[in-house]
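Asks: sequence isn't available, so here's the structure alone:
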């Protein structure tokens with residue numbers, strides 16, 4: 001490595017005084033650059049961390065640097081040591097990253113040589129550490145890439161000043177002999193990467209690029225008809241991208257970033273969401289109609305085990321149900337059209353070919369009963385009161401008031417996260433979403449009465465009177481939508497109507513929690529597709545199983561009316577524009593095991609196609625998406641198949 005960084009001059013004892021002077025000058029130059037780069041990185045990191053989440057103190061921010069086993073005079077180590085000092089002065093925790101350590105920010109280094117205008121990749125002994133830093137960086141984390149470029153001859157300073165951040169990043173490769181890109185556009189926000197510092201001379205240039213790791217990946221293998229050749233009208237861009245029209249994919253990335261609440265390293269380590277993360281979740285739901293919560297149910301091994309148990313129970317019941325229907329009613333769910341048409345049953349509703357909604361069955365009942373005590377314990381720890389216990393597939397009504405002011409034991413904190421139905425952060429998001437209070441700074445300034453004090457009828461309905469307290473919430477039992485290989489894109493639909501139509505969007509009365517489950521027949525994250533991991537092992541979002549797509553903003557009546565209104569046969573151009581806007585608004589967040597989405601059920605959405613192969617009958621990657629319905633206590637969604645014929649009773653009667 002020392003030979004590549006030859007600004008210190010030759011180690012030859014016969015070197016001339018002129019060479020020694022050049023070496024001393026180079027050392028001084030590098031030291032100056034190191035100080036400047038360190039100051040810039042420390043300042044930008046502080047600003048970005050505060051902007052991301054003020055609830056996370058700076059002294060709980062983790063910044064990763066590579067470790068070195070080389071001479072202490074190496075420029076890289078000099079930059080690392082200086083940067084560590086600057087970061088620690090600001091209170092941040094600086095880590096030499098190992099495989100298990102999660103970080104909010106990081107720096108990596110690379111040097112190149114420029115030969116006749118062409119950048120040549122140099123060997124690096126730090127590839128494994130670089131990969132670890134990029135892999136362990138949290139979603140939404142910031143990465144600084146410092147690149148030193150040496151010239152074999154006179155460097156054209158004019159041309160180098162025109163280099164863009166994205167161009168510099170694309171010159172980074174996995175290794176000197178591999179053409180793979182280190183920075184995939186699926187993982188890294190390349191279009192908004194920026195050069196935050198540069199020092200350019202005739203023979204040496206140093207650039208530092210700041211790039212963000214995406215909070216949420218897009219499944220571009222779904223909706224193959226959604227072309228990226230078209231651009232978003234300027235009035236949708238809101239001045240983004242210098243006023244230029246964004247591509248559809250760039251727009252999708254931007255909206256998903258806004259609708260995703262990525263957890264900081266501190267939140268992941270402490271297994272909680274800060275108040276600001278919860279408020280931002282509510283804001284995303286109010287603005288876009290949905291919020292993505294990566295890793296919300298990966299806080300503990302027990303959470304993952306619970307999801308895996310539920311996924312297995314769902315698929316076991318589905319396999320049993322398909323066998324019974326085949327034997328008893330000549331209904332072949334796995335081969336539509338080959339027998340009698342399937343119906344909707346008490347335990348299973350047929351949504352479309354190869355897509356079913358399963359809410360009950362022997363295995364699901366068993367795991368539900370096993371989880372009942374855990375659910376009740378979680379409610380008790382959280383301070384909620386169960387007002388109406390639900391049995392079987394029936395929802396449970398709980399008082400939305402809770403008080404966590406008392407210090408909980410470590411065991412209590414562990415137990416409160418073990419329930420999928422009663423996750424404390426989901427309940428808090430739902431409580432704030434469904435019980436918003438008018439924020440009127442002028443009213444507060446004039447000491448006027450808040451509007452909720454006029455809601456006098458609450459003495460009759462909730463017994464609490466007009467005190468502004470949140471109203472009870474109805475929490476459904478866990479169910480699952482199963483997508484089978486061969487399932488096509490589902491029809492666009494909304495799960496529930498608006499209650500009134502005189503306002504564009506009243507507060508949400510019905511939200512749904514989706515938790516990405518695990519497939520029984522394989523790894524749900526790979527989905528028979530080896531190209532869904534980048535060179536560092538980050539999930540790119542490419543997933544043949546699909547997922548759920550959401551039409552951003554369609555929880556508003558005005559948006560959906562504009563997208564679905566009949567324009568008339570003569571207005572072909574208007575119809576095309578409406579279709580383009582619908583396609584443009586489609587968001588395809590790609591989830592992994594333990595990720596969650598909460599969405600307003602009034603919004604347009606649809607299940608994406610499962611494009612995996614079905615090798616044999618019933619064998620192929622299947623996607624169990626666990627869900628929990630959450631509504632105001634006064635709203636009840638009976639599901640039109642709850643009281644229909646039971647599949648599992650057929651077998652008992654025939655036997």
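Replies: Everything's here; your move. Fair warning: this is a prediction, and the values are worked out from it, not measured in the lab. Numbers count the residues shown, from 1 in each chain.

Asks: quick one: residue 169 is in a helix?
Replies: Yes. Counting by DSSP: H, G, I helix; E, B strand; the rest coil, residue 169 falls inside a helix.

Asks: burial measure for it, as a count.
Replies: 20 (other Cβ atoms under 10 Å). In short, each C-beta sits where N, CA and C put it, glycine included.

Asks: apart from its chain neighbours, what residue comes closest to it?
Replies: Nearest residue to residue 169 in three dimensions, chain neighbours excluded: residue 183, at 4.5 Å (Cβ to Cβ, 6 or more residues apart in numbering).

Asks: surely that neighbour and residue 189 touch.
Replies: No. Contact criterion Cβ atoms under 8 Å: residue 183 and residue 189 do not qualify, at 9.8 Å.

Asks: higher neighbour count, those two?
Replies: For the pair residue 183 and residue 189, the greater number of neighbours falls to residue 183 (26 against 19), based on other Cβ under 10 Å.

Asks: next one: phi and psi at that one?
Replies: Note on residue 183: its backbone torsions stand at phi -110, psi 100 [degrees, to the nearest 10].

Asks: and the gap between it and residue 584?
Replies: 26 Å (Cβ to Cβ, to the nearest Å).

Asks: ok, now residue 312?
Replies: Residue 312 is 38 Å from residue 584, by Cβ to Cβ.

Asks: can you check residue 80 too?
Replies: Here residue 80 is placed at a distance of 44 Å from residue 584 (Cβ to Cβ).

Asks: give me the mean pLDDT for the longest strand anywhere in the chain.
Replies: Counting by DSSP state E, the longest strand found in the chain is strand 137-151. Over the span of strand 137-151, the pLDDT mean works out to 89.

Asks: who are the packing partners of it?
Replies: On a contact count with 3 or more Cβ pairs under 8 Å, 6 or more residues apart in numbering; DSSP states H and E, strand 137-151 meets helix 17-52, strand 103-115, helix 165-170, strand 204-212.

Asks: what about residue 463, helix or strand, and which?
Replies: Using DSSP states H and E, residue 463 falls within no helix or strand.

Asks: again with residue 351
Replies: strand 348-352.

Asks: that strand pairs with which strands, parallel or anti?
Replies: Strand 348-352 has the following strand partners under DSSP bridges: strand 355-358 (antiparallel).

Asks: and the helix or strand following the strand it pairs with, which residues are buried?
Replies: Using DSSP H and E, the helix or strand that follows strand 355-358 towards the C-terminus is helix 362-382. The neighbour-count check on helix 362-382 (16 or more other Cβ atoms under 10 Å) flags 363-365, 367-368, 371, 374-375, 377-379, 381-382 as buried.

Asks: okay, the residues you listed in CSV with distance to residue 199 and pLDDT next?
Replies: Formatted as CSV, the buried residues of helix 362-382 follow (distance: Cβ to Cβ, whole Å; pLDDT from 0 to 100):
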residue, distance to residue 199, pLDDT
363, 64, 95
364, 63, 95
365, 67, 93
367, 61, 93
368, 63, 92
371, 59, 89
374, 58, 84
375, 59, 88
377, 59, 84
378, 55, 86
379, 59, 86
381, 56, 84
382, 54, 83
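
Asks: how about the nearest residue to residue 191, chain neighbours excluded?
Replies: Spatial nearest neighbour of residue 191, excluding adjacent residues (Cβ to Cβ, 6+ apart): residue 250 at 5.8 Å.

Asks: helix, strand or coil for the one you found?
Replies: Once three-state DSSP is applied, residue 250 turns out helix.

Asks: check the gap between it and residue 306 for me.
Replies: Counting by Cβ to Cβ, the separation of residue 250 from residue 306 is 37 Å.

Asks: so between the two, which is more surrounded?
Replies: Regarding residue 250 and residue 306, a neighbour count based on other Cβ under 10 Å identifies residue 306 as having more, with 24 against 21.

Asks: then the more buried one would be within a helix, right?
Replies: Yes. Counting by three-state DSSP, residue 306 falls inside a helix.

Asks: is it in contact with residue 418, as I believe?
Replies: Yes. Counting by Cβ under 8 Å, residue 306 does reach residue 418; the two are 6.8 Å apart.

Asks: coming back round to it: the longest strand of the chain versus strand 103-115: what angle between them?
Replies: Between strand 137-151 and strand 103-115, the angle comes out at 20 degrees (axes from the mean of the first three to the mean of the last three Cα atoms, to 10 degrees).

Asks: who's residue 480 bridged to?
Replies: Beta-bridge pairing for residue 480 (DSSP bridges): residue 358, residue 626.
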